[in-house]
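> Got a predicted model here, sequence first, then my questions.
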Amino acid sequence: MDTGAGWRHAGRRSISALNDSIKGYNHDDATRQGILSANGLPDGDPQDAVNLNNLDDWLEFHSAEIA
């Protein structure tokens, strides 16, 4: 009897739920404004944490490695 298929299906559901929660997360206004301001951008878009975190990471990389 192959019980692996059931575990794999449950694992995919868990991974999908985690990915959806990450994609749907937005930082609070103060965090968003701080990240955008540090990057010289006006308050507004992006709103989602994934893209804001990318902006923050690239700013840190640029400050450490290029500047």
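Structure's in. What do you need? Numbers count the residues shown, from 1 in each chain.

> the longest helix in this structure is where?
Criterion DSSP state H: the longest helix present in the chain is helix 4-23.

> okay, and the helix or strand of this protein with the least pLDDT?
The weakest-scoring helix or strand in the chain, judged by mean pLDDT, DSSP states H and E, is helix 4-23 (a mean of 84).

> Please look at residue 39 and residue 59 and confirm they touch.
Yes: counting by C-beta atoms under 8 Å, residue 39 touches residue 59, with 5.5 Å between them. Using the backbone N, CA and C atoms, a C-beta is placed for each residue, glycine as well.

> Tell me the secondary structure at the residue sitting nearest the centre point of the chain.
The centroid of the chain falls nearest to residue 50 when counting by C-alpha atoms, centre = their mean (2.2 Å). Under DSSP: H, G, I helix; E, B strand; the rest coil, residue 50 falls in the helix class.

> Let me see the contact set for it.
22-23, 25 (C-beta atoms under 8 Å, 6 or more residues apart in numbering).

> Give me the buried subset of these.
Among the contacts of residue 50, not one counts as buried by 16 or more other C-beta atoms under 10 Å.
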